[in-house]
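**Q** Return a 3D structure for these sequence lines:
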Amino acid sequence: MRLRRPVTLRLTAGIGALALASAVAVTLSTSDASAAVTGTATGFATQNGGTTGGAGGTTVRATTGTQIHAALCNRASASTPITIEVEGTVNHGNTSKVSGDSCSTADGVIELKQISNVTLVGVGGGAVFDQLGIHIRESRNIIIQNVTVRNVKKSGSPTSNGGDAIGMESGVRNIWVDHVNLLASGGESEGYDGLFDMKDNTQYVTLSYSTLRNSGRGGLIGSSESDVSNGYVTFHHNLYENIDSRTPLLRGGTAHMYNNYYVSLNESGINSRAGAKAKVDNNYFKNSKDVLGTFYTDAAGYWQVGGNIFDNVTWSPRGTDTNPAGPNPVSNTTVSIPYAYPLDGANCVPDVVGETAGANKGMKVSDGNCEAQPPTPTPTPTPTQPSGTNLSIGAGTDGSSKADGTSYGNVRDGSMTTYWSPAGTTGSISVKWGTATAISRINIRETAAGAGRITSWRVRNGTTGAVLTSGTGAGVISFPATSLSKVTFEITGASATPQVAEFETYAQ
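**A** The predicted structure is shown next:
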């Protein structure tokens, strides 16, 4: 299938050579290492227990596909929560299989297989998966956010993920894909398949604030007329542009499409078949053909419509295997939606989607009143005071630098009058032990004169470099219990030279 409109994509070069699988975390400069705000899931991803991804777990950085796989494989178990922050271009040259008890990976594809509780989020200058697909299989509770996946092929060279940009199959549950760009450069005859495919019992999925462009196939729910175990999928505030068909193709199950902007659907759009039900609310369809109906089959599907705008949309006459909903679409079923959702008027959808949809646009969302706004961060509970023995007493210390007259050992001497300062306003200090020690809290205590100077920080596993947590202001810091031989407190921002009197560590 060849796209009817010209496709032009500007590609950028990939990142260097293959990194070692053991290099799980990559240290970034302070200006590039701001934590991504993920907000909270919407749509059907909020059902069935909800979708939280790697919330509550450790955070690591990756610039290659191999490092993404290594981060998954280095977890304590396949369900240990983790957030993987990705920056740079991930491609075949830097994506290799990594083995481990908590993962099942493969060369040439980002493999999220038989795992749970993972967030994959683009940060810094952006994350691009170039000619490399993301494959989710036998997994649950996954968030993918703020990334670009482009030009994934099923034929030609190189190939990845069966030609799907993001593909889900085999008992997948609770997936939230948000603020992503999914791009191809043609249709099936050029080697591409779907941009966003779900099959073989995939349920409770939301695709939000994303762009899908320049493809023969937008995506499907169900791989055949007999694959009807999929469903409960929400699509909202997405841009579909220059797509031939499948926006999506829905075989069985239930889907909810609201506040999407569809431009230049060349052959057909939302294709509800094989008993599927689609609730189609307040969308804007422009310069397109057959944007809703049952197409290429006599196995009927159904829809409930309301509030949509059809701007320069043409409709085919009805036939045996062509049943368009228009030219004056009316509902032929009712669909119950179990979650609340703010609904923008269809007339403002082009503007709202233009401001919010896609990666690297500030993660803006709609307020339901035709206005874009930053996402609301999830509040972090204030840690309670640690209890038990301060494990820093009797341990060792080192650091990145120290100001004249200060000492690393001052942070574990039990005195609030002695202290360590870095040579500038940023730096790191570590506590270390001869054997692995389990800790879950630290207490960074500034001197009276230096109180409030530390503005931002990260806590790292001092051996692997993995980020355990990050935040602002000194005090009690909690993170999932971790067994390590060295813990590092890295100051990434300060109003003046910090003065750390005590770096206390606790098991709980």
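**Q** what sits up against the lowest-mean-pLDDT helix or strand in the chain?
**A** Here the helix or strand of the chain ranked lowest by mean pLDDT, DSSP states H and E is strand 467-471, holding a mean of 83. Identification of contacts with strand 467-471 by C-beta atoms under 8 Å, 6 or more residues apart in numbering yields 25, 35, 58-61, 380, 456-461, 477-480, 482, 487, 492. The way it works is simple: take the backbone N, C-alpha and C, and place the C-beta from them, glycine included.
**Q** Quickly list the domain ranges of this structure.
**A** Under the assignment automatic domain parsing, the domains of the chain span 127-373, 396-506.
**Q** Would you mind saying which of those domains lies nearest Val90?
**A** The closest of the domains of the chain to Val90 is domain 127-373. By C-beta to C-beta, the value is 4.9 Å.
**Q** Please report the separation between the first and final residues of that closest one.
**A** From its first residue to its last, domain 127-373 covers 23 Å (C-alpha to C-alpha, to the nearest Å).
**Q** One more: stretch 240-254?
**A** Per C-alpha to C-alpha, stretch 240-254 runs 20 Å from first to last residue.
**Q** again, but for stretch 369-388
**A** One end of stretch 369-388 sits 51 Å from the other (C-alpha to C-alpha).
**Q** One more: stretch 249-262?
**A** 14 Å.
**Q** for the record, mean pLDDT for it?
**A** Averaging pLDDT along stretch 249-262 gives 97.
**Q** hmm, back to that, can you put the domains of the chain in TSV and add distance to Asp107 and mean neighbour count?
**A** Output for the domains of the chain, formatted as TSV (distance: least, C-beta to C-beta, whole Å; neighbours: other C-beta atoms under 10 Å):
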stretch	distance to Asp107	mean neighbour count
domain 127-373	10	21
domain 396-506	23	18
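**Q** Nearest approach to Ile82 belongs to which of those?
**A** Closest approach to Ile82 among the domains of the chain (C-beta to C-beta): domain 396-506, 9.1 Å.
**Q** Among the contacts of strand 467-471, name the ones in strands.
**A** 58-61, 456-461, 477-480, 482, 487, 492 (DSSP state E).
**Q** what helix or strand is the residue sitting furthest away from the middle of the chain on?
**A** In the chain, the greatest distance from the average C-alpha position (C-alpha atoms, centre = their mean) is reached by Gly405, at 45.5 Å. Using DSSP states H and E, Gly405 is not contained in any helix or strand.
**Q** how far away is it from Tyr419?
**A** 10 Å (C-beta to C-beta, to the nearest Å).
**Q** can you check Leu468 too?
**A** 23 Å.
**Q** what does Pro327 give?
**A** 76 Å.
**Q** next one: Leu249
**A** 64 Å.
**Q** Repeat that for Ser400.
**A** Taking C-beta to C-beta, one finds Ser400 at 16 Å from Tyr419.
**Q** show me the contacts for the closest residue to Asn410 other than its chain neighbours.
**A** For Asn410, ignoring the flanking residues on the chain, the nearest one in space by C-beta to C-beta, 6 or more residues apart in numbering is Thr418 at 4.0 Å. Applying C-beta under 8 Å, 6+ apart, we find Thr418 in contact with Ser407, Asn410, Ala501.
**Q** where exactly do the helices run in the protein?
**A** Under the criterion DSSP state H, the chain contains helices at 65-73, 349-356.
**Q** Strand 58-62 and the longest one, what's the angle between them?
**A** Taking axes from the mean of the first three to the mean of the last three C-alpha atoms, to 10 degrees, one finds that helix 65-73 is oriented at 160 degrees with respect to strand 58-62.
**Q** which helices and strands does helix 65-73 pack with?
**A** strand 58-62, strand 82-90, strand 110-113, strand 116-130 (3 or more C-beta pairs under 8 Å, 6 or more residues apart in numbering; DSSP states H and E).
**Q** Compare these and give me the one nearest Ile442.
**A** If you check each of the helices and strands packed on helix 65-73 against Ile442 by C-beta to C-beta, strand 58-62 wins as the nearest, at 14.4 Å.
**Q** For that closest one, list the C-alpha coordinates in CSV.
**A** Output of strand 58-62 as CSV, limited to C-alpha atoms (Å, rounded to 0.1, in the frame of the first residue of the first chain):
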residue,chain,number,x,y,z
THR,A,58,14.7,3.3,41.3
THR,A,59,15.6,5.6,38.4
VAL,A,60,18.4,4.9,35.9
ARG,A,61,19.6,6.6,32.8
ALA,A,62,20.3,5.0,29.4
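**Q** can you give me the angle that strand makes with strand 82-90?
**A** Interaxial angle, strand 58-62 versus strand 82-90 (the same axes, to 10 degrees): 10 degrees.
**Q** and strand 58-62, how far out from the chain's middle?
**A** Put simply, strand 58-62 sits 13 Å off its chain's centre (C-alpha atoms, centre = their mean, to the nearest Å).
**Q** That one - contacts with which helices or strands?
**A** helix 65-73, strand 82-90, strand 467-471, strand 475-494.
**Q** could those go into CSV alongside distance to Ser336?
**A** Output for these, formatted as CSV (distance: least, C-beta to C-beta, whole Å):
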stretch, distance to Ser336
helix 65-73, 37
strand 82-90, 34
strand 467-471, 40
strand 475-494, 38
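**Q** ranking the ones you listed by mean pLDDT, which is last?
**A** strand 467-471 has the lowest average pLDDT among the helices and strands packed on strand 58-62, namely a mean of 83.
**Q** follow-up on the earlier one: of the helices and strands packed on helix 65-73, which approaches Ser99 most closely?
**A** Ranked by C-beta to C-beta, the member of those that lies closest to Ser99 is strand 110-113, at 11.7 Å.
**Q** So for the closest one, what gets flagged as buried?
**A** Ile110, Glu111, Leu112, Lys113 (16 or more other C-beta atoms under 10 Å).
**Q** Pull the contacting residues for the residue nearest to the second one when sequence neighbours are not counted.
**A** In this structure, Glu111 finds its nearest non-sequential neighbour in Thr105, 4.4 Å apart by C-beta to C-beta, 6+ apart. Under the criterion of C-beta under 8 Å, 6+ apart, the contact list for Thr105 reads His69, Leu72, Cys73, Lys97, Val98, Ser99, Glu111, Lys113.
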